[in-house]
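[1] Structural data only, the sequence is not supplied:
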């Protein structure tokens, strides 16, 4: 693996060195792997399109059956402040709104397409039943946010996870486990190396990540963190994109937020179209993509970073 220790740190607006953020670091790792001959290409052809708009008003612009993956992290119905009233619904009103946008979005999926839906335990049962009547449920993934044990509720067990529903259009859905296997460390691999396991893919390439993902939430000091209250870690989104969208495929994010899914798609050669109502979050997404674009030199295969109103 190519050493990155000699790479100069980027400069801030005052000309002082600042640490790389997660987007830049990921791009640097990708660039180093290509230089070392570990990757054939940095990018696949395609576009990264960021829309400052309500996706329901523009969904008709996408052809039915054209989307390989819908990755949706919508408002949870918990009253979060996103600079608008998008999370002011609750109870049946919230469920009806969610059913409506899901009903509109599902036909856009390709025959081998999939959908990941982030949600909270308060609404997961109703939402999963709704989706199971229309799609094939593959997994319920539990994201353990690694919330530290400090106080918490005294009337119930503290909630420290998000629910993620993984659904597919058909049994022939696209899924690339090898792209997201978790490598064993050297000591574990050696301990599990027996003659009967020689040549086993799980030993050589790593193990299935399973359906419990213990990945820390983004703390305020995290270099990946931007000004968004519910930003998801890039690693989680990369896992979904790599596993469930073929190279060069199209990912739709109806609630783009600060653009983490767009970054994952740009890093891994998937096309992307995302929608965001909040102008500030849309600008953040564009800044993150521009920073990535600046960090990794353009070529004829680099996606264009389109920004439309």
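    Arrived safely. Just so we're clear, the structure is a prediction, and the values are computed from it rather than from any experiment.

[2] show me what contacts the closest residue to residue 171 other than its chain neighbours?
    Leaving aside its sequence neighbours, residue 171 sits nearest to residue 136 (Cβ to Cβ, 6 or more residues apart in numbering; 6.4 Å). From N, CA and C alone the C-beta is placed, and that goes for glycine too. Neighbouring residues of residue 136 by Cβ atoms under 8 Å, 6 or more residues apart in numbering: 167, 168, 169, 170, 171, 173.

[3] would TSV of these with neighbour count be doable?
    TSV is the format used below for those (neighbours: other Cβ atoms under 10 Å):
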residue	neighbour count
167	23
168	21
169	20
170	13
171	8
173	22
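
[4] Show me the two of those that sit farthest apart.
    167 and 171 (12.1 Å; Cβ to Cβ).

[5] buried residues in the helix ranked longest in the chain?
    Secondary structure assigned by DSSP state H gives helix 279-295 as the longest helix of the chain. Neighbour-count burial for helix 279-295 flags 281, 282, 283, 284, 285, 286, 288, 289, 291, 292, 293, 295 (criterion: 16 or more other Cβ atoms under 10 Å).

[6] Packing partners of it?
    helix 22-35, strand 47-51, helix 260-267, strand 304-308 (3 or more Cβ pairs under 8 Å, 6 or more residues apart in numbering; DSSP states H and E).

[7] weakest of those by average pLDDT?
    Across the helices and strands packed on helix 279-295, strand 304-308 has the smallest mean pLDDT, namely a mean of 49.

[8] Quick check on residue 67: phi, psi?
    Per-residue torsions, residue 67: phi -100, psi 130 (degrees, to the nearest 10).

[9] show me the contacts for it.
    Counting by Cβ under 8 Å, 6+ apart, residue 67 has contacts 108, 109, 110, 113, 250, 251, 252.

[10] Out of the residues you listed, flag the one nearest to residue 125.
    Once Cβ to Cβ is applied, the member of the contacts of residue 67 that ends up nearest residue 125 is residue 109, at 22.8 Å.

[11] The closest one bridge partners, please.
    Residue 109 has the following beta-bridge partners by DSSP bridges: residue 67.

[12] Next, count neighbours for it.
    24 (other Cβ atoms under 10 Å).

[13] ok, now residue 208?
    Other residues close to residue 208 by other Cβ under 10 Å number 10.
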